[in-house]
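>>> Generate coordinates for the sequence data below:
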Amino acid sequence: MTSNRINVGIVGLGRWAKVLTRAARQSDLLAITSGYSRSQEKRSAFQDEFGIAAAPDLATMLADPGITGVIITVPNEQHLAVAREVAKAGKHVYTEKPITTTVAEGRELLAEEGEVAGDHRSQIDEDRGLARREAREELPQRFCGEDQIVHGSSGWRSGFERY
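Just a heads-up that it's a prediction; the model follows:
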């Protein structure tokens, strides 16, 4: 029997990366097999805590043919730069919200990913997409204006926030 498990790397080894790594351990479909942070201290701590190899640099992780995607958990303002590198390497990109810090950067990234990576596109959670569509329909146009970064909590319908 062959495994359908997907091997991914994770970039940014702070608190949220640890939460996701613990959750991934419960999955038969996803395995985090490499971690990277600019901080040697964080790389060592991650490797010690989880027994997962820490890449010495992003390029090393991205050169690994066994890794098909990368989870990005760096600070929001770093999403665009890291996602670009991951996409250029032909890997799938998964990033928490926001994908980028502006709508224009998000559109730019998606266009670049289509050019450099073919079928490798950012995976956008369906619930979040639905929440955004619902927010745009329910909030008056005079309040929203042009596209903004809109966060909708998919856990409860009234949890829309605009920032």
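
>>> can you map out the helices along this structure?
For the chain, applying DSSP state H gives helices covering 15-24, 40-50, 58-63, 79-88, 103-117, 126-138, 141-144.

>>> lowest-confidence stretch among these?
In terms of average pLDDT, helix 141-144 trails the rest of those, at a mean of 42.

>>> Distance check, residue 95 against residue 28.
For residue 95, the distance to residue 28 (Cβ to Cβ, to the nearest Å) stands at 23 Å. Where you see a C-beta, it was placed from the backbone N, CA and C, and this is true even at glycine.

>>> Tell me which of these two has more neighbours.
Neighbours were counted for residue 95 and for residue 28 using other Cβ atoms under 10 Å; residue 95 has more, 24 against 8.

>>> What number of residues are in the vicinity of the residue lying closest to that one once chain neighbours are set aside?
Excluding the flanking residues, the one nearest residue 95 by Cβ to Cβ, 6 or more residues apart in numbering is residue 72, at 4.2 Å. Per other Cβ under 10 Å, the neighbour tally for residue 72 reads 23.

>>> check contacts around residue 72.
Applying Cβ atoms under 8 Å, 6 or more residues apart in numbering, we find residue 72 in contact with 11-12, 79, 82-83, 86, 93-96.

>>> Take the residues you listed and lay them out in a markdown table including distance to residue 34.
Output for these, formatted as a markdown table (distance: Cβ to Cβ, whole Å):
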| residue | distance to residue 34 |
| --- | --- |
| 11 | 9 |
| 12 | 13 |
| 79 | 19 |
| 82 | 14 |
| 83 | 17 |
| 86 | 12 |
| 93 | 15 |
| 94 | 14 |
| 95 | 17 |
| 96 | 18 |
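
>>> Understood, closing this out.
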